[in-house]
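In: Okay, sequence plus prediction incoming.
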Amino acid sequence: MKDNIRIASGQGFWGDLLSAPLRQVSEGPIDYLVMDYLAEVTMSIMQKQKNKNPHLGYAKDLVSTCEQVLPFMERNPFKLITNGGGVSPLAARDAIAAKIREMGLSGIKIGVVQGDDILGRLDELIDQGHELRHMETGQAIREVQDRLLSANVYLGAFPIVEALRRGADIIVTGRTTDTGLSLAPMIHEFGWAADDWNRMAAGTVAGHINECGAQATGGNFLGDWKSLPDMANVGFPIIEAYPDGSFVVTKHEGSGGAVTRETVSEQLLYEIGDPAAYITPDCIANFQSIRLEDLGNDRVRVYGVTGEASTPTYKVSASYADGYVAFGSLTYAAPEAYEKARAADRILRQRLQNLGLHFDEIRTEFVGMNACYGPIAEPIVPNEVTLRVGVRAGDFETVNRFGKEIAPLILTGPPSVTGFQGGRPKPSEVVAYFPALIAKDVIQTEVVVDEI
């Protein structure tokens with residue numbers, strides 16, 4: 001058993017800093033590079049891509065990233081784990097394998113985790129009595145089944161552990177929990193038991209810190225953000241994990257940003273819900289038990305984490321088509337910029353009403369005045385205000401007609417207007433989120449490992 005392992009975060013979402021993975025593997029020693037690409041809406045985007053082209057449906061950036069980092073795998077061996085396979089982990093594997101062959105590399109084993117995609121099994125599961133009710137509204141999934149775009153189970157760490165045990169150097173999964181990407185190496189290297197709930201929880205907390213990339217090292221930091229050094233070259237977090245479940249959050253020496261008690265604390269508060277019960281497929285972690293010790297020099301020790309037994313269910317992340325939306329904007333200049341923007345909004349809404357258009361929702365923001373804070377915004381006298389109006393409706397033509405009413409405001413509304421760009425607003429499909437629970441015993445995962 002190793003004394004410790006270093007698990008480096010390489011991506012916090014699909015579209016994160018492209019230079020981060022290369023810097024993580026080239027600027028210091030690591031044992032694992034984990035890359036999280038999947039938000040809830042990402043799966044539906046990937047599913048739409050796959051529907052158009054069966055060879056797509058994964059994070060295409062993953063292939064170019066592999067091209068950059070794989071040469072370092074021979075010099076300073078590490079393993080790469082990612083959920084960038086999206087809804088097409090096998091297609092992602094094939095694309096990575098083709099790149100490996102193109103680079104003249106060999107002997108690299110790629111593992112693929114499957115089983116999270118249940119879109120094609122829904123009829124079977126519903127017939128078996130699994131209603132998959134919306135976790136907030138109680139609505140049964142069959143009520144939106146004809147509009148579903150994706151349905152994926154949040155798998156945990158253990159399918160990844162199986163791939164590691166079978167010697168995989170690169171592991172590509174579909175919808176795996178963000179935390180499971182970092183927890184799996186700890187289970188594998190330290191031999192943790194699946195029911196060692198405190199260690200499962202500790203690894204889950206480590207994964208939670210790692211999952212959003214530089215958000216733990218100074219990015220999006222609400223504290224003393226002005227004092228953070230060299231954010232143009234911000235370092236991504238590295239978890240230095242130990243067999244007892246304690247770990248140190250750090251980053252490569254010389255990289256920008258900072259690892260402090262404050263930066264780590266902010267990330268710990270990100271999207272946790274009940275702090276005493278952070279539920280994952282692997283355990284329930286108690287974030288109230290976490291203890292932090294700032295060791296200085298961009299090192300924060302995390303210890304004391306406790307956990308409880310995992311639940312008998314998986315979370316399902318489904319999405320469905322829910323009408324259309326469009327947004328239009330115009331900018332009004334001083335004097336009286338806010339008054340002009342408000343007048344334009346009133347005129348636009350009256351014209352839409354005169355046309356007999358009915359929308360499920362109309363929302364207006366006055367950017368530069370109160371778009372972030374709404375009615376609690378402090379009164380100011382802005383130099384300019386951007387009027388941004390969004391509409392949502394079930395049919396395409398209603399939303400499309402709204403888009404034709406924005407440009408006319410330029411010559412038929414308040415003065416001092418600019419900022420009309422990109423032509424008429426076009427309708428885009430609304431993707432609605434549908435979270436549900438399903439019994440774990442009806443989900444079968446499959447791990448495939450091939451040597452390239």
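Out: That came in fine, so what should we check first? Treat the numbers as computed from the prediction; the structure is a model and nothing was measured.
In: can you map out the helices along the stretch 251-400 of the chain?
Out: 261-268, 337-354, 396-403 (DSSP state H, counting those that start in this stretch).
In: In a markdown table, list the ones you listed along with mean neighbour count and mean pLDDT.
Out: Bear in mind the C-beta positions are built from the backbone N, C-alpha and C, glycine included. Shown next, in a markdown table, are the helices of the stretch 251-400 of the chain (neighbours: other CB atoms under 10 Å; pLDDT from 0 to 100):
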| stretch | mean neighbour count | mean pLDDT |
| --- | --- | --- |
| helix 261-268 | 19 | 97 |
| helix 337-354 | 17 | 98 |
| helix 396-403 | 19 | 97 |
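In: Tabulate these (a markdown table), appending distance to residue 160.
Out: Shown next, in a markdown table, are the helices of the stretch 251-400 of the chain (distance: least, CB to CB, whole Å):
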| stretch | distance to residue 160 |
| --- | --- |
| helix 261-268 | 22 |
| helix 337-354 | 50 |
| helix 396-403 | 42 |
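In: Which among the ones you listed is found nearest to residue 121?
Out: With CB to CB, the closest approach to residue 121 among these belongs to helix 396-403: 30.7 Å.
In: Between helix 396-403 and the longest strand anywhere in the chain, find me the angle.
Out: Ranked by residue count, the top strand of the chain under DSSP state E comes out as strand 313-333. With axes from the mean of the first three to the mean of the last three CA atoms, to 10 degrees as the basis, strand 313-333 and helix 396-403 are set at 30 degrees to each other.
In: Does anything pack onto strand 313-333? Which helices or strands?
Out: Helices and strands touching strand 313-333, by 3 or more CB pairs under 8 Å, 6 or more residues apart in numbering; DSSP states H and E, are helix 40-52, strand 148-153, helix 337-354, strand 384-393, helix 396-403, strand 417-418, strand 428-439.
In: I'd like to know which of these lies nearest to residue 33.
Out: helix 40-52 (19.7 Å).
In: ok so, going back, run me through the strand neighbours of the longest strand of the chain, direction for each.
Out: Next to strand 313-333 in the sheet, as set by DSSP bridges, lie strand 148-153 (antiparallel), strand 384-393 (antiparallel), strand 417-418 (antiparallel), strand 428-439 (antiparallel).
In: Now do it, average pLDDT.
Out: With pLDDT averaged residue by residue, strand 313-333 scores 95.
In: next one: that strand to chain centre, how far?
Out: Put simply, strand 313-333 sits 16 Å off its chain's centre (CA atoms, centre = their mean, to the nearest Å).
In: tell me the angle it makes with helix 337-354.
Out: Angle between the axes of strand 313-333 and helix 337-354 is 110 degrees (criterion: the same axes, to 10 degrees).
In: before we move on, the earlier item: could you export the helices and strands packed on strand 313-333 as CSV, including distance to residue 364?
Out: Formatted as CSV, the helices and strands packed on strand 313-333 follow (distance: least, CB to CB, whole Å):
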stretch, distance to residue 364
helix 40-52, 23
strand 148-153, 29
helix 337-354, 5
strand 384-393, 5
helix 396-403, 13
strand 417-418, 16
strand 428-439, 18
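In: Residue 156 and residue 281 touch, don't they?
Out: Yes: using CB atoms under 8 Å, residue 156 is in contact with residue 281, at 3.3 Å.
In: When these two are compared, which one has more neighbours?
Out: residue 156 (26 against 22; other CB atoms under 10 Å).
In: for the more buried one, what are its contacts?
Out: Each residue near residue 156 by CB atoms under 8 Å, 6 or more residues apart in numbering is listed here: 176, 177, 180, 183, 280, 281, 282, 310.
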